[in-house]
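> below is the structure, and that's it, no one-letter string:
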């Protein structure tokens, strides 16, 4: 009777230890994808801070292009709101889809602004505009790399949540599938090139 009880206690202890290892692994992976999201967040904030500078600098040259400038600022403000919502729930499918859509709108507005600026040679020659353009292009590259890192971490986390025996405990511990940063429309897949 004593050996049966001892064997039962050892088995329960091993199961508890096994569950603890799975839980800790999933927590670590969840924190990694949240950190990867925060890297996107940093780059997007940098980008959103550059856009008003670009618009203000362009206003002197683009006096007749108020609609284009307003569209850029509106897209930036909408994306900033979507980013703040996604900050609350990194990996949430709805938040990530909203942020991706808002980012596509910013990219489209910047492309439109770039096209308008093509008609203003003096604006293209302005050193401040050139510096802002370079900073935005650099930021776009950083955002792309950060998105890739985020998606890699989410994929690793989701895979671990789906593997056996982790799948048995993931839902029990409250681990849900995290959303990738996916581009759903063809226009969103185009690279934003900021060249003035």
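Nice, I can see it. Owing to the predicted nature of the structure, the values given are computational and were not obtained by experimental measurement.
> which residues in the protein form strands?
For the chain, strands defined by DSSP state E do not occur.
> can you pull out the helices in it?
Using DSSP state H, the helices of the chain run over 2-59, 66-88, 93-117, 121-125, 127-162, 166-170, 186-189.
> burial count for residue 127?
Neighbouring residues of residue 127 were enumerated by other CB atoms under 10 Å; the total is 7. Backbone N, C-alpha and C define where each C-beta goes, glycine included.
> can you check the one 5 residues further on too?
The tally of other residues near residue 132 (other CB under 10 Å) stands at 21.
> same question for residue 22.
Residue 22 has 22 neighbours, counted by other CB under 10 Å.
> quick check: the gap between it and residue 178.
If you measure residue 22 against residue 178 using CB to CB, to the nearest Å, the figure is 17 Å.
> if we can go back for a sec, I'd like the helices of the chain as a markdown table, with mean pLDDT appended.
Shown next, in a markdown table, are the helices of the chain (pLDDT from 0 to 100):
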| stretch | mean pLDDT |
| --- | --- |
| helix 2-59 | 91 |
| helix 66-88 | 91 |
| helix 93-117 | 89 |
| helix 121-125 | 74 |
| helix 127-162 | 91 |
| helix 166-170 | 91 |
| helix 186-189 | 47 |
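> mean neighbour count, those: which tops it?
Mean neighbour count (mean count of other CB atoms under 10 Å) peaks for helix 93-117 among the helices of the chain, with a mean of 19.
> which elements pack onto that helix?
The contact analysis (3 or more CB pairs under 8 Å, 6 or more residues apart in numbering; DSSP states H and E) places helix 93-117 against helix 2-59, helix 66-88, helix 186-189.
> of the ones you listed, which is nearest residue 127?
Nearest of the helices and strands packed on helix 93-117 to residue 127, taken as CB to CB: helix 2-59 at 10.1 Å.
> good, we can wrap up now.
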